[in-house]
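S.K.: take this sequence and fold it.
(chains A and B)
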Amino acid sequence: MSLIRPCLPLSGKIPSMSMISVKNLVKKFGNITAVDDISLEVEEGSIFGFLGPNGAGKTTTINILCTLLGPTSGTAFINGFDCDRESAKVRSQIGIVFQDGSLDKDLTARENLMFHAYLYNVGKSERKEKVEAALEFAGLQDRADDLVKKFSGGMKRRLEVARGIIHRPKVLFLDEPTIGLDPQSRASLWEFITTLPKKHNVTIFMTTHYMEEAEVCDQIAIIDKGKIIASGTPSELKKIVGGDVIYLKTDDNKRAMEDIKHLFETEVSEKDGEIFISSMKGDACIPALIREIGERVLSVRMQRPTLNDVFLKLTGKEIRDGNGKVADDITSKVKAHRRRRDRD
Amino acid sequence: MIETNAVYVIVAREFKKFIREKSRMVSTIARPVLWLFLIGGGMSRLVPSGENVTYIQFIFPGILGMTVLFSSIFSSISIIWDKEFGFMKEILVAPVSRFTVVVGKATSGMVLSTFQAIIVLCLFPFIGLRIDLLQVIYIVLVSALLSFTLSAFGILLASFHENYESFSVIMNFIVMPMFFLSGAMYPVKLLPDVLKMVSKLNPLTYGIDALKNILFPLETGRMGADFPLIVDLAVVASLALIFVFVAGKTFERKQ
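M.R.: Take a look at the predicted model:
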């Protein structure tokens, strides 16, 4: 567990160096604490992944960062501007793709983009050009004048992401960008998203509860019940659960185990007729194994630790189905609370 | 403080959607026609005329007011739809002030309502009214002012509601009483004291009264206007400012 980096702000770092800087952020809805004292730093031009099950507080954090909600306590800065007190300045620095979608389905793709360009005061001379570029980027040129309600989920998402960067934001927030998409659209959307930082010099702050999607992030913070429980690069986080696991089937497992123990000076065990070995560098280990005892090996496979394993290890539950019901409960409680508040 | 590009595009969006929705256009025309000819036509056989205004003529400014009321409130209530379908967030995270959003929405309501009021105004020859060009211009201007005020009022209502179940509540408990207690169908001066007081708190009353002042300048009896034109205009204009201000403040609040 010593590999878990403390999630406190790195001491000695000047906040203005980071594109996003969050310190001791707390957000309460009545007696529900949705975000519980979180701190994080995101560097310019990186992809930051905010991981956690539904209801962990990811969207609430994004809503605070994009000035839709005020924090109960703590601070959040984007490019040096206070999200609570300098809302207007923060808003001009960011683009957002919301979880539920925020396109006008009764307008065409081009009209949605034009609306955005006007709203963000994109200059008259570049408005058309930028909208066309966004259409091309989203691969929607030939559907530009179709109403958005006729689009598939993947097309809508691509359009939203393209819209989010029309005004050249410094930070792009993606709240569960691939939720509800089929695997193929998810893959193509990812390809599209990962090109953004280089192409448009934009910092990406994304949330997801798909662990495999977080693999593309430069930095990850795992959030559960409003608290950040671990942060680091994907490979750093995976070290929490140990290295790769190599599974071998041989004609004589006992003898093979003896040899491996002897040759590689490592722990070897057997389960269900398979030998398994833990190794930090599994891919480099396999050729060596084959070289030494190759003629006796019947099959070999390797398993890499996933971020899901990390989450499981840290919280004792699966990220996807783990207490989904409880999390939904919290989400609906927060919504009910807001409604009550609005009525008063 | 108010970004003109943003106001323009908010209005353009509403107008485009209005033009595309044929059914909305039809109901816009149908409702005033039904009220004017079926209710007005029927009631005019029961209600004696004034000095030189018949009952069906008397309710004409009320029907114009109704057109403006329904279309303004409907336009503003679309904010609830925008919230429900997420589009509102696109507007709220944009670097434009909340007042811009409110003014943009109120201007949308104004453009759409005035457009509809002009269509309804074209019915005047069918009820034996004679009006000159100057009166037409005044009516259009008053409709624009009134619709801006009512749209701002609608935005204020919408900002307190998150989902569209509240739509029918607003329609039944706010919009319909506003219409009936506005002097549209019967003169405010004939109402019992309690209702008269409520009428005097109703912005629509002054809008319709202004239209009566313009349409029936000579009528002094019970079919005539209740207040001087200047009072009507002053009330409607100041309410516009108040509603925009309060709605802007309500929008600004974070949870």
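
S.K.: and the strands in chain A?
M.R.: For chain A, the strands defined by DSSP state E cover A:20-29, A:32-42, A:47-51, A:73-78, A:81-82, A:94-97, A:171-175, A:203-208, A:219-224, A:227-232, A:244-250, A:268-271, A:274-279, A:297-303.

S.K.: so residue B:225 sits right up against residue B:212, yeah?
M.R.: Yes: under the criterion of CB atoms under 8 Å, residue B:225 makes contact with residue B:212 at 4.2 Å. Every C-beta, even on glycine, is put in place using the N, C-alpha and C of the backbone.

S.K.: need the overlap of contacts for those two.
M.R.: Counting by CB atoms under 8 Å, 6 or more residues apart in numbering or on different chains, the residues touching both residue B:225 and residue B:212 are residue B:219.

S.K.: please name the nearest non-neighbouring residue to residue A:132.
M.R.: residue A:141 (7.8 Å; CB to CB, 6 or more residues apart in numbering or on different chains).

S.K.: contact residues of the stretch 51-200 of chain B facing chain A?
M.R.: In this structure, the stretch 51-200 of chain B approaches chain A at residues B:85-97, B:160-162, judged by CB under 8 Å from any CB of the partner chain.

S.K.: try 6 Å this time
M.R.: B:86-87, B:89-90, B:93-95 (CB under 6 Å from any CB of the partner chain).

S.K.: mind giving me the domain split of chain A?
M.R.: A:16-235, A:244-303 (automatic domain parsing).

S.K.: need those domains in TSV (columns: mean pLDDT).
M.R.: Putting the domains of chain A into TSV (pLDDT from 0 to 100) gives the following:
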stretch	mean pLDDT
domain A:16-235	89
domain A:244-303	82
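
S.K.: and among those, the most buried is which?
M.R.: Of all these, domain A:16-235 has the most neighbours on average by mean count of other CB atoms under 10 Å in any protein chain shown, namely a mean of 20.

S.K.: off-centre distance for that one?
M.R.: 10 Å (CA atoms, centre = their mean, to the nearest Å).

S.K.: mind listing what the spatially most central residue of chain A touches?
M.R.: Centroid-nearest residue in chain A: residue A:49, 3.2 Å away (criterion: CA atoms, centre = their mean). Shown in contact with residue A:49 (CB atoms under 6 Å, 6 or more residues apart in numbering or on different chains): A:206, A:214, A:217, A:220.

S.K.: rerun that using 8 Å as the cut-off
M.R.: Residue A:49 touches A:206-208, A:213-214, A:216-217, A:219-221, counting by CB under 8 Å, 6+ apart.

S.K.: next one: phi and psi at residue A:123?
M.R.: phi -60, psi 150 (degrees, to the nearest 10).

S.K.: that one and residue A:248, how far apart?
M.R.: 64 Å (CB to CB, to the nearest Å).

S.K.: cool, and residue B:209?
M.R.: 92 Å.

S.K.: quick one, what contacts residue A:211?
M.R.: A:51, A:306-308, A:310-311, A:319.

S.K.: looking at those, which has the most residues close by?
M.R.: residue A:51 (30 neighbours; other CB atoms under 10 Å in any protein chain shown).

S.K.: look up the closest residue to it, ignoring the ones flanking it.
M.R.: residue A:222 (4.9 Å).

S.K.: now that neighbour, which residues is it bridged with?
M.R.: Per DSSP bridges, the residues bridged to residue A:222 are residue A:51, residue A:230.

S.K.: pretty sure it contacts residue A:309?
M.R.: No: taking contacts as CB under 8 Å, residue A:222 lies outside contact range of residue A:309: 12.0 Å.

S.K.: overlap of the contact sets of those two?
M.R.: Common neighbours of residue A:222 and residue A:309 (CB under 8 Å, 6+ apart) do not exist.

S.K.: could you check how far the residue nearest to residue B:88 when sequence neighbours are not counted is from residue A:306?
M.R.: Nearest-residue entry for residue B:88: residue B:82, 4.1 Å, with adjacent residues in sequence omitted and distances by CB to CB, 6+ apart. Distance, residue B:82 to residue A:306, by CB to CB: 40 Å.

S.K.: tell me the pLDDT at residue A:323?
M.R.: On the pLDDT scale, residue A:323 is placed at 43.
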